[in-house]
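> below is the structure, and that's it, no one-letter string:
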């Protein structure tokens with residue numbers, strides 16, 4: 001490290017550097033100690049001296065820190081600033097990191113707005129449901145809003161029955177079957193046909209998987225699934241599914257010689 005009797009042109013003291021970048025002198029001393037940013041020179045009196053190049057490096061550090069990087073991460077992301085290409089690469093990486101942060105913040109803002117809408121619709125304070133909605137928002141489960149329809153007992157059952165992976169897998173299979181039923185309806189496939197009965201059997205097996213065979217849950221599910229006026233695309237699709245499944249399930253249970261809905265009432 002070069003040493004100077006006085007502060008030459010192009011250099012600034014640690015205090016001047018700190019003031020320009022809005023940080024404390026202690027912060028710059030800490031970055032020096034951690035090997036993130038050492039002064040380019042030192043005066044004979046021991047004053048740390050920085051250059052404009054050091055200022056650019058400090059800007060990198062501050063920007064990466066504001067994006068949530070740890071000091072160890074920042075050490076790995078700092079780019080040498082010896083050539084115009086180095087500077088361009090540093091700025092490119094910094095811009096990419098900012099774009100990622102913008103995406104994360106946008107997703108967080110969307111989740112907050114969605115949760116706010118659900119809280120207002122629920123009209124009661126229920127932190128357990130709020131937590132479930134937040135978890136499903138983080139899972140990118142587009143059907144998170146259905147949680148508000150379940151009572152506490154059903155939600156407890158769901159928490160015990162599914163984890164993140166199995167829950168998303170279940171919803172994927174449920175949606176796939178729902179799409180198949182919509183196609184059957186569109187193609188005017190009769191509910192008593194073999195193709196319809198195969199899909200109906202799979203749908204009922206999915207319901208049994210969801211309830212874990214607990215027939216006492218059927219009335220609750222029927223109440224939740226009852227859609228008089230669709231408020232969104234999912235409910236519109238589910239209304240079509242319900243209309244088609246009602247006669248299809250009657251045929252299915254008639255052939256089995258059982259009526260699980262009557263059993264659930266007992």
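Arrived safely, thanks for sending. Because the structure is a prediction, the values reported are computed rather than measured.

> list the residues that contact residue 68.
residue 101 (CB atoms under 8 Å, 6 or more residues apart in numbering). Yep, even glycine has a C-beta here, placed from its N, CA and C like the rest.

> now name the helix or strand holding it.
Under the criterion of DSSP states H and E, residue 68 resides outside all helices and strands.

> and residue 239, what's its pLDDT?
On the pLDDT scale, residue 239 is placed at 86.

> now the helix or strand where residue 49 lies: buried residues?
According to DSSP H and E, residue 49 maps onto strand 48-50. Within strand 48-50, the residues scored as buried using 16 or more other CB atoms under 10 Å are 48, 49, 50.

> check which element follows it along the chain.
helix 52-66.

> who are the packing partners of that following helix?
helix 14-21, helix 25-33, helix 71-77, helix 84-122 (3 or more CB pairs under 8 Å, 6 or more residues apart in numbering; DSSP states H and E).

> just put the ones you listed in a markdown table and tack on mean pLDDT.
Listed next are the helices and strands packed on helix 52-66 as a markdown table, based on pLDDT from 0 to 100:
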| stretch | mean pLDDT |
| --- | --- |
| helix 14-21 | 91 |
| helix 25-33 | 92 |
| helix 71-77 | 79 |
| helix 84-122 | 73 |
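
> what lies in contact with the helix or strand containing residue 204?
Per DSSP H and E: residue 204 is located in helix 194-211. Identification of contacts with helix 194-211 by CB under 8 Å, 6+ apart yields 157, 161, 170, 173-174, 177, 180-181, 184, 189-191, 217-218, 221, 245, 248-249, 251-252, 255.

> same thing but 7 Å
The contact list for helix 194-211 (CB atoms under 7 Å, 6 or more residues apart in numbering) reads 173-174, 177, 180-181, 184, 189-190, 217, 245, 248-249, 251-252.

> stretch 18-38 too?
14-15, 17, 39, 54-55, 57-58, 61-62, 71, 74-75.

> again, 8 Å this time
1, 12, 14-15, 17, 39, 48, 50, 54-55, 57-59, 61-62, 71, 74-75, 78.

> that stretch: which residues count as buried?
Buried, per 16+ other CB under 10 Å, within stretch 18-38: 18, 21, 23, 27, 28, 31, 36, 37, 38.

> re the thing from before, what lines up beside the strand holding residue 49 in the sheet?
Applying DSSP bridges, strand 48-50 is found paired with strand 12-13 (antiparallel), strand 41-43 (antiparallel).

> give me the residues contacting it.
4, 7, 11-14, 16-17, 28, 32, 39-43.

> returning to what we had before: can you list the helices and strands packed on helix 52-66 in CSV and add distance to residue 204?
Formatted as CSV, the helices and strands packed on helix 52-66 follow (distance: least, CB to CB, whole Å):
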stretch, distance to residue 204
helix 14-21, 66
helix 25-33, 64
helix 71-77, 51
helix 84-122, 30
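
> quick one: which of those helices is nearest residue 260?
Of all the helices and strands packed on helix 52-66, it is helix 84-122 that lies closest to residue 260, at 30.4 Å by CB to CB.

> what is the subsequent helix or strand relative to the helix or strand of the chain with the lowest mean pLDDT?
Least confident helix or strand of the chain, by mean pLDDT, DSSP states H and E, is helix 127-138 with a mean of 56. Sequence order places helix 152-161 as the next helix or strand after helix 127-138, per DSSP H and E.

> right, I'll call it a day here.
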